[in-house]
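[1] Need the 3D shape of this:
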Amino acid sequence: MSAAESAAESADVTERPGDAYVQSFARGLAVIRAFNAERPAQTLTDVAQATGLTRAGARRILLTLVALGYVETEGRLFRLTPRILDLGFAYLTSMPFWNVAEPVIESLVATVHESSSAAVLDGDEIVYVLRVPTHKIITVNLSIGSRLPALWTSMGRVLLSGLDDAALDRVIAQAPLEARTPRTLVEPAALREEIARVRAQGWAVVDQELERGLISLSAPIRNRQGRIIAAINISGNAQRKSAKQMVKAFLTPLQSASEEISALIARRG
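    This next block holds a predicted model:
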């Protein structure tokens with residue numbers, strides 16, 4: 001082990017949350033996360049710089065991932081293989097609402113003729129776990145695994161409404177409060193007030209706060225204990241319907257779909 005690695009290892013020990021923390025596993029995940037749409041293929045140096053690892057440490061992890069089939073090499077470049085999808089789909093297939101929600105959401109889309117998705121909360125972001133699109137109304141190419149800021153999405157606000165005040169404050173404190181459009185709420189007090197309104201009424205509508213032209217209406221998916229575990233939405237274009245028109249036209253079928261999914265989850269235990 002080099003002196004640099006030894007120093008990094010010593011620093012890591014002081015940051016460990018406990019003896020159960022496996023530093024090498026955490027480093028392996030950091031290497032996997034270093035690859036994305038902007039950086040699909042990287043050199044060893046690129047990976048080391050992106051993760052803060054030494055070249056020797058990054059090399060050991062990359063070669064281990066190559067041996068396991070999760071990474072492939074082409075000259076000096078490394079890239080992820082399709083096998084990496086196994087890790088994500090293991091999560092999706094383990095979710096209690098995965099199988100029951102998809103046909104319900106497909107039926108909802110057939111009824112309202114607008115796109116619908118389901119998402120879960122991860123820190124200050126939502127992660128898409130189901131999506132049934134119709135029209136492209138957002139410039140971001142959304143798919144399963146896509147992430148968006150929770151504070152300015154209707155699904156995010158529904159999910160945040162299930163947190164206690166201390167947890168919500170932590171999300172607001174860690175999120176970059178930057179206006180996406182002239183309608184974006186960025187004041188912490190205004191965000192808390194809006195999420196309190198969502199908690200009280202049981203649904204959320206976000207009118208062009210994330211992107212101009214995009215309106216989204218969401219309702220919660222609850223587990224058997226009544227805890228919010230996911231959210232589903234209907235997305236619409238402001239040129240076709242206003243936020244008030246969307247609520248009037250789509251809230252009832254959306255809530256019916258969310259209640260149906262929640263009831264199916266409860267029956268599955």
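[2] And the helices in the stretch 1-150 of the chain?
    For the stretch 1-150 of the chain, applying DSSP state H, counting those that start in this stretch gives helices covering 3-15, 23-33, 44-51, 55-68, 85-94, 98-112.
[3] got the CA coordinates for the third one in PDB?
    Output for helix 44-51, consisting of C-alpha atoms alone and laid out as PDB, is shown next (Å, rounded to 0.1, in the frame of the first residue of the first chain):
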ATOM      1  CA  LEU A  44      -8.300   5.000 -14.700                       C
ATOM      2  CA  THR A  45      -7.200   8.500 -14.000                       C
ATOM      3  CA  ASP A  46     -10.700   9.900 -14.600                       C
ATOM      4  CA  VAL A  47     -12.200   7.400 -12.100                       C
ATOM      5  CA  ALA A  48      -9.600   8.100  -9.500                       C
ATOM      6  CA  GLN A  49     -10.200  11.800  -9.800                       C
ATOM      7  CA  ALA A  50     -14.000  11.500  -9.700                       C
ATOM      8  CA  THR A  51     -13.900   9.300  -6.600                       C
END
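[4] and it with helix 23-33, angle?
    Going by axes from the mean of the first three to the mean of the last three Cα atoms, to 10 degrees, helix 44-51 is angled at 110 degrees with respect to helix 23-33.
[5] gap between helix 44-51 and the chain center?
    With Cα atoms, centre = their mean, to the nearest Å as the basis, helix 44-51 stands 25 Å off its chain's centre.
[6] Which positions within stretch 70-85 qualify as buried?
    For stretch 70-85, a neighbour-count test (16 or more other Cβ atoms under 10 Å) marks 70, 71, 78, 80 as buried. No exception for glycine: its C-beta is placed from N, CA and C like everyone else's.
[7] Compare the mean pLDDT across the helices of the stretch 1-150 of the chain and name the weakest.
    Note on those: helix 3-15 shows the lowest mean pLDDT, a mean of 41.
[8] Measure how far stretch 250-268 is from the centre of its chain, please.
    Counting by Cα atoms, centre = their mean, stretch 250-268 is centred 21 Å from the centre of its parent chain.
[9] Kindly report the same for stretch 218-237.
    With Cα atoms, centre = their mean, you get 14 Å for stretch 218-237.
[10] ok so, going back, I'd like the helices of the stretch 1-150 of the chain written out as JSON lines, with distance to residue 122 added.
    Compiled in JSON lines, those are given as follows (distance: least, Cβ to Cβ, whole Å):
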{"stretch": "helix 3-15", "distance to residue 122": "21"}
{"stretch": "helix 23-33", "distance to residue 122": "13"}
{"stretch": "helix 44-51", "distance to residue 122": "20"}
{"stretch": "helix 55-68", "distance to residue 122": "23"}
{"stretch": "helix 85-94", "distance to residue 122": "11"}
{"stretch": "helix 98-112", "distance to residue 122": "16"}
